[in-house]
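Trainee: here is a sequence together with a model predicted from it:
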Amino acid sequence: MEKNFRMRLAEALQKIGIQSLFPVQVAVWQETIGPGAFERDICVNSPTGSGKTLAYALPIVQMLSTQKIRCLRALVVLPTRDLAIQVKEVFAAIAPAVGLRVGLAVGQSSLADEIAELIRRPKLEMCSSFDPDDIQMEPQTSVDILVATPGRLMDHINTTKGFSLEHLCYLVVDETDRLLREAYQSWLPTVIQLTCSNVQALFDHPRLGPLMSGSLTTIRRSGVERGFKGKSYPRLVKMILSATLTQDPSKLSQLDLHHPLLLTSGQRRYKLPEKLECYKLICKSKLKPLYLVALLQDLRGEKCIVFTSSVESTHRLCTLLNFFGDLPCKISEYSRRQHQSLRSKTLKAFREGKIEVLVATDAMTRGMDVEGIANVINYDMPAYVKTYIHRAGRTARAGQTGRCFTLLRKDEIKRFSKMLRKINNNSCNLHSLPDDSIEELRPIYSSALEKLKEYVESETARKSGISSKSVRSRDRKKGNDRMKE
Ligand SMILES: Nc1ncnc2c1ncn2[C@@H]1O[C@H](COP(=O)(O)OP(=O)(O)OP(=O)(O)O)[C@@H](O)[C@H]1O
């Protein structure tokens, strides 16, 4: 039977073009399905694009496929909505092949719609028994695997009837260092408390306590109590992963890991993808847009992400680039300034190749996997080495080649070199652009700047117009109210 499931899983993998496993996937498989047999919690520190998503998805799906019950048994937490949607797609490509259901809790749809997808309400007419003790009246989760962002996860924990982590077997905290940096309504202590070996915690929870009266109960025993190699199941297995995994014990202690095992791809903490080439371009601050345009012209419509340091500069740079007129590529912006639906639409167009250049904030930095990105351009130098690694890692994924260009002012060169020394391969060649290609762009740059100035002024006027209008209407309303009194 188990062999049958493995074959179905292998077929599902082949359908999405996976012929063999990457090293990190083999290593995790060995420690989970292989001889390691999930005896320890797993910490993975491997480069961007090395295949960490399937590294955890495969063993989880394999393990759950052989168990018959349907309830929430695996939870994967990610820091952003688009990233969670992407990871859900990976599970959705393999889990149904072995009869598993995957859910998404990210706030993409209304809470009510999400609940309808995630929670199964009992249908009385389906029960053959009339004995009230036999009828399961409580709603229950109808998915085996849930991919969630912390905020929406907490909404379900706090308010959704029937949403329970009681039977959870696997917890994945992807992009761990990012998720540990922010508390997000104390999602981690809450999840740990609801799944810890002390069953009392479940009874103590104000809303989840009564659900314990359901027909299925998971009683967890502590692994430590029984010795580390002993059988101490069911234990909540945790997997944490990042290309820049934190090694700070005070941060990791929040995860309450069980004999953690670190799987890492080398001696050094930070590693860039092997086939990534890094380049720096030195220019004066006010000439940066010119250098960027000349570089984009040089790259001739190849898929690129241009990273800036803020939401506002992303918006202005994208607007300015579009005023250049005849660039050989379609350019859009991606940042939290836009509504989620617009952002998702832009991302889809970028994935489909309808947009070649995406000007983005660091909202695009972590985990995003878009096929065919040939170049990453740091328009603004990243402030931290971790940011550099995640930005650069949007290219050269899955063993492909890719280039990362960083535009630097003279006074940034020293700091940039110091940052690169923390990475395994700190070779970063100087990339120069022909002087005449910059000079040729000057007239069109002046006119694009003029247009940007006008645009910013009209945008500011529009915004202040709206606000002064709303102040006027508020004052009018106050006056009317007073007259009524
Ligand atoms: N065994 C494999 N064979 C071929 N392609 C693979 C394999 N495993 C993963 N991939 C592909 O490699 C790409 C990168 O995978 P994934 O997004 O899991 O990387 P990652 O290590 O999580 O990166 P990041 O640290 O940036 O989040 C994806 O497009 C995925 O489909």
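Mentor: Yes, it's here.

Trainee: buried ones in stretch 359-379?
Mentor: Neighbour-count burial for stretch 359-379, with 16 or more other C-beta atoms under 10 Å as criterion, is recorded at 359-370, 373-379. Yep, even glycine has a C-beta here, placed from its N, CA and C like the rest.

Trainee: ends of it, what's the gap?
Mentor: Taking C-alpha to C-alpha, to the nearest Å, stretch 359-379 runs 9 Å from one end to the other.

Trainee: phi, psi of the residue of the stretch 201-350 of the chain found nearest the ligand?
Mentor: Evaluated by C-beta to the nearest ligand atom, the stretch 201-350 of the chain has A243 as its residue closest to the ligand, separated by 4.1 Å. Note on A243: its backbone torsions stand at phi -80, psi -10 [degrees, to the nearest 10].

Trainee: run a quick neighbour tally on the nearest residue to it once chain neighbours are set aside.
Mentor: Take A243 and drop its neighbours on the chain: the residue closest to it by C-beta to C-beta, 6 or more residues apart in numbering is T48, 4.5 Å away. The burial metric for T48, expressed as a neighbour count using other C-beta atoms under 10 Å, is 26.

Trainee: find me the pLDDT at T48, would you?
Mentor: T48 carries a pLDDT score of 98 in this model.

Trainee: and Y334, what does it touch?
Mentor: 314, 343, 346-347, 350, 358-361, 363-364 (C-beta atoms under 8 Å, 6 or more residues apart in numbering).

Trainee: just name the closest of those to Q185, please.
Mentor: The nearest member of these to Q185, counting by C-beta to C-beta, is A363 at 20.0 Å.

Trainee: ok, now which ones touch that closest one?
Mentor: Each residue near A363 by C-beta under 8 Å, 6+ apart is listed here: 80, 82, 334-336, 343.

Trainee: just the buried ones out of those residues, please.
Mentor: Neighbour counting over the contacts of A363 (16+ other C-beta under 10 Å) leaves 80, 82, 334-335, 343 as the buried ones.

Trainee: can I get the residues you listed in CSV with distance to the ligand and pLDDT?
Mentor: Output for the buried ones among the contacts of A363, formatted as CSV (distance: C-beta to the nearest ligand atom, whole Å; pLDDT from 0 to 100):
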residue, distance to the ligand, pLDDT
T80, 11, 93
D82, 12, 94
Y334, 16, 97
S335, 19, 95
R343, 18, 93
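
Trainee: can I get those in a markdown table with secondary structure?
Mentor: As requested, the buried ones among the contacts of A363 are arranged in a markdown table below (DSSP: H, G, I helix; E, B strand; the rest coil):
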| residue | secondary structure |
| --- | --- |
| T80 | coil |
| D82 | helix |
| Y334 | strand |
| S335 | coil |
| R343 | helix |
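
Trainee: residues of the stretch 351-485 of the chain that sit close to the ligand?
Mentor: Remark: the part of the stretch 351-485 of the chain in contact with the ligand comprises 367, 369, 393, 397-398, using C-beta under 6 Å from any ligand atom.

Trainee: quick one: the residue nearest to A243 and K451, what's the gap?
Mentor: If you measure T48 against K451 using C-beta to C-beta, to the nearest Å, the figure is 37 Å.

Trainee: distance between the ends of stretch 369-384?
Mentor: Using C-alpha to C-alpha, the end-to-end distance of stretch 369-384 comes out at 21 Å.

Trainee: break this structure into its domains for me.
Mentor: Partitioning the chain according to the TED database yields domains covering residues 1-121+139-199+218-264, 276-458.

Trainee: where in the stretch 151-300 of the chain is pLDDT low?
Mentor: In the prediction, the stretch 151-300 of the chain carries residues with pLDDT under 70 at positions 197-234.

Trainee: change it to 90
Mentor: In the prediction, the stretch 151-300 of the chain carries residues with pLDDT under 90 at positions 181-185, 196-235, 247, 265-269, 300.

Trainee: how many residues are close by the residue nearest to K251 when sequence neighbours are not counted?
Mentor: With C-beta to C-beta, 6+ apart as the measure, L180 is the residue that lies nearest to K251, at 5.0 Å, once sequence neighbours are left out. Each residue near L180 was counted by other C-beta under 10 Å, and the total is 18.

Trainee: any idea how far L180 lies from the ligand?
Mentor: With distances taken as C-beta to the nearest ligand atom, to the nearest Å, L180 is found 16 Å from the ligand.

Trainee: in terms of secondary structure, what does the helix or strand that residue falls within contact?
Mentor: Using DSSP states H and E, L180 sits in helix 176-181. For helix 176-181, the helices and strands in contact under the criterion 3 or more C-beta pairs under 8 Å, 6 or more residues apart in numbering; DSSP states H and E are strand 237-242, helix 249-252.

Trainee: any chance of these in CSV, plus mean neighbour count?
Mentor: Shown next, in CSV, are these (neighbours: other C-beta atoms under 10 Å):
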stretch, mean neighbour count
strand 237-242, 24
helix 249-252, 11
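
Trainee: turn those into a markdown table, including distance to E114.
Mentor: Shown next, in a markdown table, are those (distance: least, C-beta to C-beta, whole Å):
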| stretch | distance to E114 |
| --- | --- |
| strand 237-242 | 24 |
| helix 249-252 | 30 |
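
Trainee: so which of these is nearest A57?
Mentor: Distances from A57 to each of the helices and strands packed on helix 176-181 were compared using C-beta to C-beta; the shortest belongs to strand 237-242, at 10.2 Å.

Trainee: okay, strands next: where are they in the stretch 351-485 of the chain?
Mentor: Counting by DSSP state E, counting those that start in this stretch, residue ranges of the strands within the stretch 351-485 of the chain are 357-360, 375-378, 402-408, 429-430.

Trainee: export those strands to TSV and tack on mean pLDDT?
Mentor: Rendered in TSV, the data for the strands of the stretch 351-485 of the chain read as follows (pLDDT from 0 to 100):
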stretch	mean pLDDT
strand 357-360	98
strand 375-378	98
strand 402-408	98
strand 429-430	94
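
Trainee: out of these, flag the one nearest K386.
Mentor: Judged by C-beta to C-beta, the one of the strands of the stretch 351-485 of the chain that comes nearest to K386 is strand 375-378, at 13.5 Å.

Trainee: alpha carbons only: can I get that closest one in PDB?
Mentor: Extracted C-alpha coordinates of strand 375-378, given in PDB (Å, rounded to 0.1, in the frame of the first residue of the first chain):
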ATOM      1  CA  ASN A 375      18.700  39.500 -13.500                       C
ATOM      2  CA  VAL A 376      18.300  41.100 -10.100                       C
ATOM      3  CA  ILE A 377      19.200  44.800  -9.900                       C
ATOM      4  CA  ASN A 378      19.700  46.500  -6.500                       C
END
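
Trainee: packing partners for it?
Mentor: Packed against strand 375-378, as judged by 3+ C-beta pairs under 8 Å, 6+ apart, are the following elements: helix 288-299, strand 304-307, helix 385-392, strand 402-408.

Trainee: list the contacts of it.
Mentor: Outside strand 375-378, the residues within contact range by C-beta under 8 Å, 6+ apart are 292, 295, 299, 302-307, 388, 391-392, 394-395, 402-407.

Trainee: contacts only, for V311.
Mentor: Under the contact definition (C-beta under 8 Å, 6+ apart), the residues listed for V311 are 335-337, 361.

Trainee: that one and A363, how far apart?
Mentor: Using C-beta to C-beta, V311 is found at 9 Å from A363.

Trainee: quick one: which of the domains of the chain is nearest G465?
Mentor: Evaluated over the domains of the chain, closeness to G465 peaks at domain 276-458, with 9.8 Å, by C-beta to C-beta.

Trainee: what's the first-to-last distance across the closest one?
Mentor: The first and last residues of domain 276-458 sit 42 Å apart, counting by C-alpha to C-alpha.
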